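S.K.: Fold the stuff below for me.
(2 chains, ligands or ions: 1)
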Amino acid sequence: MRLIRGAPGTGRTSLVFREFKAALRSGRRDMRLVVPTATLVRHFQHELARDGAVLPPGSVISLSRFAFERAPDCRLVPDGLLRAIVRDALRRLQPAEFAEVSGTEGMTSTLLETIALFENAGCTVDQLSTIGRRLTPHGKAFGKIWREVDRAVAAAGYHSRVQVLRAAAANTTRIPVWMDGFLNFSPAEREWIAALAKSCDLTLTLSDARGADEIRRFALSLGAEERLLTGAARRPGATIVAATSPEREADEIARRILSARAAGTEFREIGVALRDASSYLPLLQGTLERFGIPARFYFAAPLRRHPAAVFLGGLVQNVLTGWEFGAALETLQAHPAWGSSAAFDRFDFKVREAMPGAGATALLALCEEDFTKRLSACLALDTWRDDVARPRDWAHRLEQMAERLYRPGMLTPAADHTALAMERSQTAALGAWVDSVSSATAFWADQEAPVSLADFWRVAEETLQSASVPLADDRRDVVHVMSVYEARQWDVSMLFVCGMTDRDFPKRNPPNLLFPDGDIEPLRKAGIPLRKAADQDREEAHLWEALKTRAQDALILTYPEHDAGGRSTHSSRYLTEMQADIQTARLSRATPAVVIESAGLAGHIEPPDLLNGLAAQHRRISLTALEDLTQCRFKFFAGRTLNLRARPERPQERLQPKITGLILHEALEAWLNNNRQGDFVDLFETAFDKMVREKHLPPGYRLEVERINLRAIAGRVSATEQWTPLSSEAEVELTLDFPGGITVACRVDRIDHMSETDCIILDYKSSKTVRVEQMVESQVKLQGPLYALAVREKLHLNTLAMMYVAVREDKRFGWGEVPGANLELKPIPPNWIDAARDRSIERIESFLGGAIHAEPAEPDSCRWCDFQHGCRVEQKALVMIAGHEPVVQGD
Amino acid sequence: MTPVRSGPKFTASQQEAIEYRAMDACVVAGPGSGKTTVLVERFRRLIEDHRFDVREILAITFTEKAAANMKAKLAEKFAHDPLRLRDLEGAWVSTIHGFCARLLKENAIAAGIDPRFSVLDARESDDMQAECLNAALDELVAERKEAALELIGILQTPWIQGDLKSSYDGMRSAGRTVEETRAMASPLAAVTPSGAAFELRRLLSLWPPRLQLTDARKRQQDELLEWAQRMAEADDAPLPELLKLIKACPLHLGRVADSVKTEMAAYKENLPKFAAAVTDSHTARYRALVFDVLTRFDALYNERKARAGVLDFNDLERRSIELLRRDKTVRERVRAQFRQIMLDEFQDINEQQAELIRLIRGENVFFAVGDVNQSIYGFRHAQPEIFHRYRKEVEDAGKHSTGLLHNFRSRAEILSCVEALLNSTQGIEARELVAGASFREKSGSSIEVFRAVHEDKDEASLREARWIAHRILQLRGELEIGPPEKPARADFGDFAVLCRNSESMKPILDEFDRAKIPYVCGRRQSFLLSREGLDISALLRVIANPRDGVALGTLLRSTLVGLSDEALLRLKLNGNAVGAGLRQPLTGFSEADTRRIERFNAGLMRWRAGQQIVPLDVLISRALSDCGFEWTPGSLAGINVEAFLHLARTRGNDRSLLDFLRELESIEGAVSAESELSDADQGNCVQVMTAHAAKGLEFPVTIIAGMEKGTQRSSAAITFTAEFGLGIKWKDPFSDDGLKDSWALANSEYLKKREKDEMARLLYVAMTRAEEHLILSYSAGKQRAGGWAKWVEDYFGARVRILEEDPPVLTAAAAGPRERAEVMVLPRPVPRDQHDTAVNVTSLALFANCARKYYLQRYVGWTSGRPARFDPEAVARVDDDGVSAAELGSLVHEVLAGKTGEYPPEAHQLADVFLTSELGQRAASAVRAEREWDFIADIDGTLVRGSIDLWFEEKGTGICLVDYKTDAPPVRPADYAPQLAIYALAMERAFGVRPEKAYLHFLRPNLIAEVQLDPETLAQARDLIAQLRDAQNSLRFDLNEGEHCKACPYYRSLCPSTV
Ligand code: SF4
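M.R.: Numbering: from 1, shown residues only, chains lettered A, B, ... in the order given. Below you'll find the predicted structure:
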């Protein structure tokens, strides 16, 4: 065994390359260059090829793959399957120590972590049981579960990591092996490497940093002959940059990348290393994209949330749970072609309107013709619900389902590389899903015994938990964004390390719950070298040392002075030890990808054809619409002209005043048509039930409270009245002719004929009494005078009184006088009818003339308006202050 | 930060508090008394002078912000000592919830909690509670409909969800379960009507003899006897009748005999209690039903939390207590660990928290700081009595009790005003406020009092808001603030407006908008309602479903799309609906609108395709970018956009878009008590908040607005107090006020008193936030103002400035960050070399065949075959022996590569075709032969990967390449020429010599074809690599349509070919 040591930049890797290439030239193909991670494998393969070598790809290999290569009869148990096995063991053994937590996800993860901890230490189940008596109760319970897991893994034909390494150690085929880029080895790996040192021509390279001392001692203990490279070490210029927030930090990184590019550095020569991916990954992704910097992110996304998994897993779940509408929509929407098709959008709204609901047949009934076929293919899966099959048949069925159902429509090449990345992720996820589901089959010891879909799925779900979508990006000129682990062996011209706060770097992992530091000492004494927190600290320091040397020209260490939540942070302690230029981030922003043209004209319509269209559409206006128009032209334009409708309300939001008003009106109509005979409350009940059916009002407490409230109101509506008319008419349809051939249509709730010539007009309101009272004063409410006008023109009746009946409290507000009754109405103002008519005409004319801007007559009512967030009335206000008209959007 | 402005570093009382004496201690710390400074210094000395380990000190603060502040100050203290600085990261400095979370995380299994638990914030738990409570009520209706309907009918209001939730909160804060609360006995003794009659008769019997009574008194006695008689017979009367009877009690104290006045007065006073007791007995059934709902709700809520692996704040405390109670080892370890526990704001602790502290407290380790005058969280169930008790305990035991007297925050004038106004008020512990800081000389007063007047009270509030805005604009840039040595002019960031409740902020914020005064107000919400926030919400709704017309309209008109209203109308007219119009041919639009629509349509497709694949915040920023929207950091728009992105990043990435949109609605509706931002990040903005939220903060200029407003919590329909339990108000047949049961009656009195106490304390807290200038303002309609305003008016009298007119209109000249640093605008780079680094030889061959097919199969990866109709029933069992054509191909290759193992006979047969062929024979006798020779080689800058089936070298002749094919023979063997040419190039690179010959062997027909390796073919192969690179760079992959399409797996599915 040889040990090559040297400072970064002294040519350790070049030496390895030279030797490797010489071996190639001599015709060898069996030598191996072993590196820590799969990403590095690719990186080294490419470096060698660019260096002129024509090499067998398998000759550069990661440590774990190398172990399998040396132990070809071993199969490492896949993470997902192991998870399923652990969960199952926990469920079956139910150790009292974990009784309360055995069903939790977290406990499964804790056990998995602990198994890994022991395996890293090179410990087997048997070894642990030899010291069983010295274990804590938690430790003993863990031991039991681990044994069971180990047994199940073996039964499934798989092996643990330790087993793989031990089998690899037994392989004595002699080949040349170089190992480059390692900072440390776990005890289990050391065991194997000791064997390798004996059986192979092993060369290990090491940095001369303090952190490598331990591994150096290890190599020397194996009898390695050491060689120190003495070239000039690399000393990249280091800069520390403080930014006020993570956002500014990301901007700063983008800014520096762009200026380096402008100065001639290619993107591919730049790396960004993250210690804490969870907070920086999406932030950097968004920022670099915004600045137009192509980047490759060496992080696999979890499969769980990928649409492929949502769709395919969702289908199975729906089959098992009966297609609850909400869950079904979420599933179907994830399909790569349906989710954004107009037919599905329509279906989506229909289903939402029909919620709550469930069932395949009910769903199908809501489907339009062209979508039915596609949907029925999914719903047909229901036949699997009660079926049983061999595990591998289930896997096969699900694979078929995935490949047949999860397909985009016709595919044109992506418009750009970000779109391409999305398309590629679809197929990558599909593949990962199928693989992951198939890996579940090994869970069953008896491969021939049929299981139900539910049983199969329970296990498959576990295997899917830990699956991820492989990265599908191999572009040549991109900035490399990776974890600090990946970055520690790359050579780039410029390396950023971001998030250098003391909270994140050095990272502190929480102690193992089953074997906290305090319980580890006795195990160590017994020869099980479990890692302690102090070991982790050391490893962090080594990582940092390695990272510091990776840039050839510039090392830029950045940190935010406040974290994402605004709390102040400390820079990493590692920075305090650095000799570096200290700078602060500059503010920067990207140039827009497209030029924003100043936004279009708002609030006005000019072209004659559009004005004609407007006029044609509004030849007939309902009185309620007219009231919208008098309140605000834009409200009318958006609601009545453009007919913009909001998305369907959620079931619990449906029971609103509008609906209660409809119920009461329906009952009223029936009652008045029946000449106010019969029990009003009965009519109300009928109308209420009808609305519950039609609007899918969900049953429950709220509905009953509303029913009781409304019933009380209904009781009051039919209470005795203070006058007796000759006759009454209900829901009388009347029209008014306005200049320009415009008809205003209205529907009067009730007209009481008091004599041949006189009448009283009533309009029932179910809104709050105070709001009804305000209607009398409102400039916007036209019902009073315009009903009177219509009654005069069409029925030739004089209106003695017009009143709004606030049904909630049975109060009346309005104008005029009812003979013999004391209602305290307001006197009918002079010019009442004409003023309202003139106001209406003015509004209609100006609107049809093209004035459609937002300008509410009663600003307080804006909060009830559907368009309050879209009308941009506040901008109008700003422009008004500045004294400009008309309104132009934008700034 | 409270400065210690002059004099020695610490005052004597600060020194006294800082000093460690190894005994329990209690410090009363008034506002601005440098409490944090004391805590930090004490912490330092414990470590440096008394050799405490950082981990042996537990410091608990009231808010997260206070904890961060304390940590930052500790870091400053230890800046010189990197080792200690490092330890500080692991220091136990946090809120009580932070402490519990850490304790539970470290002992999750012992505590019986999912080890990966996460903590719900207040809003999330509120939402979950609301859902569970509704579900519990719905279940009641579904399972016991009649009883439920009766309950609805008898409750004072059926909308009890809010009250039930806060009562439930109260129970848990008091450490009670629902069942324990159910078991709490009535605070009143049960009395029947006949019992009450008996008592009255007994009292009447004590009256002097009738002869000695006046006529009036005789009449009274008779009336009472008669009433007693009616009562005696009313034991079975229905409740309304009984209540009527009680109300009709004819007892007039003026007419009772003097000798029994006291007893009769007591009897009269007890009548409401009697009514409550009677109510109790009549409503017991319904009360039980309310508890049933609570029990069910509690179960549902716990189930849901357990399923999701989450805990709420209360659980953190409760589960910690349970853990410490039942696990002696943990308890002892914790007790042994903390040699010092410092607790701030002790007056705001509740029973449950007190219990927790009791459990972790060892002997003589407790150092509590508090100020009863600042106890304002009664509504969150704080119990200031706990602080009182502790103080007494410490004093009685002769332990360390001290007070921080000086106030280093405010001008003396302000402090005397607080003293004079509040020292004799109920709820305030009279105390002297000694000014400890020195300020600049100032000519005018530091206190202003306004009263805005208008007949209409809403108008009056608006007028008040206008004056506040006006005054800020006047004072800004004029008022001198800061220490004498460093005076500065007040800017927006120096002002704070404190309101009694969040509803009263609206007119003020509206006015600030109008006057362009920059402000922050619970920033977490305000950005959602900002223009940018609204536009982004609309964008997301449209991505979710563009049929949402309201969102679509909003988005199209927004600056993100910028369509004119004319275009909108045209879309509608063209397509019958705006959304449908987008999909119609675009006729009649202006050029600019056409461009906008096309860009929007393309963008929408792209955004929709990306939802769920790319993280939500990346999706949003991509969409904004696609729309040409870039923001300037630090600008108001930028702050809003980034706040939205932050929310999407933290809340949006593990859920569907629709879920996130629901979450948005919930966040919009929630009120945040504490701004999450550090002071440094608030920007130069006026801060608007409730007086409660201002606790712990200080501002140069403090404006207390809307002082006439009040809050009424004692009047809720359902209340809970730890003292009495759950009180319910039932429907009163005779009034709208509701009928209190005995618990409600007791609660209401208790809460009224507490509210009164806290009203004074809240004002005390609010006023003591002011450093240099204090404005007290209120509005009044016709009537005299109530609430705080009344106290102010009484105190200031003629000094109140009456505002009967609106102020002249002023608008802020410039708003925004204090200093706007220069922002660099960076040009977008032109990307080069976006092709893949490496390529497979087989892919190249495919590309040569049809670029589109290559794209679909290799570049994107849709490998699956033609879309057949999916019939779940027709999916066969796995055929255990069958081998597909593709599999067979690889098996044949394996056999030919010399691998050993079990292979199907067909594989051997096909392999034999080669082995027995002439080519096979030659290979067998060659001097050197390599099978499955795989390689990576750099050819013209692209890394080419491939695997050569066989090459061999014969004596005398050069190298021969062989490629076996197990599929049907191709139409033209020349199609495979590029593949073999590249193999040749790789071999030439590897060995320095070019192969002489290359053969294709089609095994099924046993046909051998030679491929020419002439310079032309090799050049074509290199050219092909270059073409592929170009195609990948420009993403152009053209169809190669022809008859062969019909055999292509993508024909009539992914590929648009129409041959
Ligand atoms: S919110 Fe107000 S201004 Fe805007 S459209 Fe509606 S009514 Fe008009």
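
S.K.: so what's residue 666 closest to, chain neighbours aside?
M.R.: You didn't pick a chain, so chain A it is. Across the structure, with C-beta to C-beta, 6 or more residues apart in numbering or on different chains as the measure, the residue nearest A:Glu666 apart from its sequence neighbours is A:Ala687 (4.0 Å). C-betas here are computed from N, CA, C, even on glycine.

S.K.: right idea, wrong chain: chain B
M.R.: B:Asp127 (5.3 Å).

S.K.: Could you say which helix or strand holds the one you found?
M.R.: Secondary structure assignment for B:Asp127, by DSSP states H and E: helix B:122-143.

S.K.: Low-confidence ranges, chain A, go.
M.R.: For chain A, residues meeting the criterion pLDDT under 70 lie at A:718-720, A:875-891.

S.K.: let me fix that: chain B
M.R.: B:1-8, B:522-526, B:670-683, B:711-714, B:813-821, B:864-869, B:876, B:880-882, B:968-972.

S.K.: what do you get if the cut-off is 50, keeping everything else the same?
M.R.: Within chain B, the segments meeting pLDDT under 50 span B:1-8, B:523-524, B:673-680, B:815-819.

S.K.: Quick check: chain neighbours aside, which residue is closest to the closest residue to chain A within it?
M.R.: For chain B, the residue positioned closest to chain A under C-beta to the nearest C-beta is B:Ser564, at a distance of 2.6 Å. Nearest non-adjacent residue to B:Ser564, counting by C-beta to C-beta, 6+ apart: A:Gly600, 2.6 Å away.

S.K.: Looks like the one you found contacts B:Gly562 (just checking).
M.R.: Yes. Judged on C-beta atoms under 8 Å, A:Gly600 makes contact with B:Gly562 at a distance of 5.7 Å.

S.K.: Against A:Ala334, how distant is the residue nearest to B:Tyr1050 when sequence neighbours are not counted?
M.R.: Spatially, and ignoring its direct neighbours in sequence, B:Tyr1050 is nearest to B:Leu856 (5.2 Å; C-beta to C-beta, 6+ apart). Counting by C-beta to C-beta, to the nearest Å, the separation of B:Leu856 from A:Ala334 is 21 Å.

S.K.: next one: A:Ala71
M.R.: Computed as C-beta to C-beta, the A:Ala71 to A:Ala334 distance reads 40 Å.

S.K.: Ok, B:Arg655 next?
M.R.: The spacing between B:Arg655 and A:Ala334, counted by C-beta to C-beta, is 13 Å.

S.K.: the more surrounded of the two?
M.R.: When B:Arg655 and A:Ala334 are compared on other C-beta atoms under 10 Å in any protein chain shown, the one with more neighbours turns out to be A:Ala334, at 25 against 15.

S.K.: what residues are up against the more buried one?
M.R.: With contact taken as C-beta atoms under 8 Å, 6 or more residues apart in numbering or on different chains, A:Ala334 is in contact with A:Pro307, A:Ala308, A:Val310, A:Phe311, A:Gly314, B:Gln612.

S.K.: how about a cut-off of 7 Å?
M.R.: Contact partners of A:Ala334, counting by C-beta atoms under 7 Å, 6 or more residues apart in numbering or on different chains, are A:Pro307, A:Val310, A:Phe311, A:Gly314, B:Gln612.

S.K.: can you tell me how far it sits from B:Ser537?
M.R.: 22 Å.

S.K.: same question, A:Glu817
M.R.: The spacing between A:Glu817 and B:Ser537, counted by C-beta to C-beta, is 51 Å.

S.K.: neighbour-wise, which of these two wins?
M.R.: For the pair A:Glu817 and B:Ser537, the greater number of neighbours falls to B:Ser537 (21 against 16), based on other C-beta under 10 Å.

S.K.: I figured that one was touching B:Glu663, is that so?
M.R.: No. Using C-beta atoms under 7 Å as the test, B:Ser537 is too far from B:Glu663 to be in contact (11.4 Å).
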